[in-house]
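> Below are the sequence and a predicted model for it; my questions follow.
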Amino acid sequence: MSDLPELDGPEFGPSSGGEIKQLVILCHGLGADGNDLIGLAPYFARILPDAKFISPNAPFACDMAPFGYQWFSLQERTEEAMLTGARMARPILDKFIDDQLAKHNLTEDKLALIGFSQGTMMSVFTTPRREKPVAGVIGYSGRLIGAETLADEVTCRPPMVLINGDQDELVPGEVQPVAVKALTDAGIDVRGHMRPGLGHSIDEMGVQIGMEFLARILAVSG
């Protein structure tokens, strides 16, 4: 029996009503919950009608708001503190991924992760350190944690797409090229997209970019 927190949250699909052929895990940002991202599922289901979408609540109550959840505390935002937090939370997300794959009898190549803000941080940190690569990762409005240690710790190389806004007031757009370089240097196929005029949010073009990426990595017709 594991002592790690058990994650749970809203689910959607498959919209086809048929057998589950793919799995998409959505990881929300600081102070939100699973409901914050599950609304994206119907859009992505247009190209993944056989996918199950699940958006778990992060494991800890947010320590900066009276409601919502967090993957780890961001009261201290030094690189060292965030790396410590990501290392602490990684086994929790890892176990959730493993449990969901086993539950739906799917392999990693049928799984994609979609993150927003802190959920992007966790998705981009966790997946390259797993034994087998997931199909891919979409990261909205996030950043890379642990860039200095990535090359030494990478164990697999899932493709990624990072989408940031150049007017993001919480996660500055300048962090994206840093992430792209570190991930590329570690041998990961990553594509960065900067959305003009966008703040800490996801816009229609960002969703479209995500849909095209999912179609490519999961080999479905768009």
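Structure's in. What do you need?
> how close does the residue nearest in space to the middle of the chain sit to Lys21?
Nearest to the centroid of the C-alpha atoms of the chain, with distances taken as C-alpha atoms, centre = their mean, sits Gly115, at 2.9 Å. Gly115 is 22 Å from Lys21, where distance means C-beta to C-beta, to the nearest Å. All C-beta atoms are positioned from the backbone trio N, CA, C, and that covers glycine.
> What residues of the helix ranked longest in the chain count as buried?
Identified as the longest helix of the chain according to DSSP state H is helix 79-103. Going by neighbour count (16 or more other C-beta atoms under 10 Å), the buried part of helix 79-103 is 82-83, 85-87, 89-90, 92-94, 96-97, 100-101.
> Which secondary structure elements does it sit against?
With contacts taken as 3 or more C-beta pairs under 8 Å, 6 or more residues apart in numbering; DSSP states H and E, helix 79-103 sits against strand 22-27, strand 111-116, helix 118-126.
> which one of the ones you listed lies closest to Ala65?
Of all the helices and strands packed on helix 79-103, helix 118-126 sits nearest to Ala65, with 12.7 Å by C-beta to C-beta.
> That closest one packs against which elements?
strand 22-27, helix 79-103, strand 111-116, strand 136-140, strand 160-165.
> If we use 6 Å, what do you get?
Packing partners of helix 118-126 (3 or more C-beta pairs under 6 Å, 6 or more residues apart in numbering; DSSP states H and E): strand 22-27, helix 79-103, strand 136-140.
> Now do the same contact list for Tyr69.
Contact analysis of Tyr69 by C-beta atoms under 6 Å, 6 or more residues apart in numbering lists Asp33, Asn57, Ala58, Cys62.
> between those residues, which has the most around it?
With neighbours taken as other C-beta atoms under 10 Å, the top of the contacts of Tyr69 is Ala58, carrying 28 neighbours.
> for Gly206, phi and psi?
Main-chain dihedrals, Gly206, degrees, to the nearest 10: phi -60, psi -40.
> Leaving out the residues flanking it, which one is nearest to it?
Ile163 (4.7 Å; C-beta to C-beta, 6 or more residues apart in numbering).
> Now stretch 105-122: average pLDDT?
Averaged across stretch 105-122, the pLDDT comes to 98.
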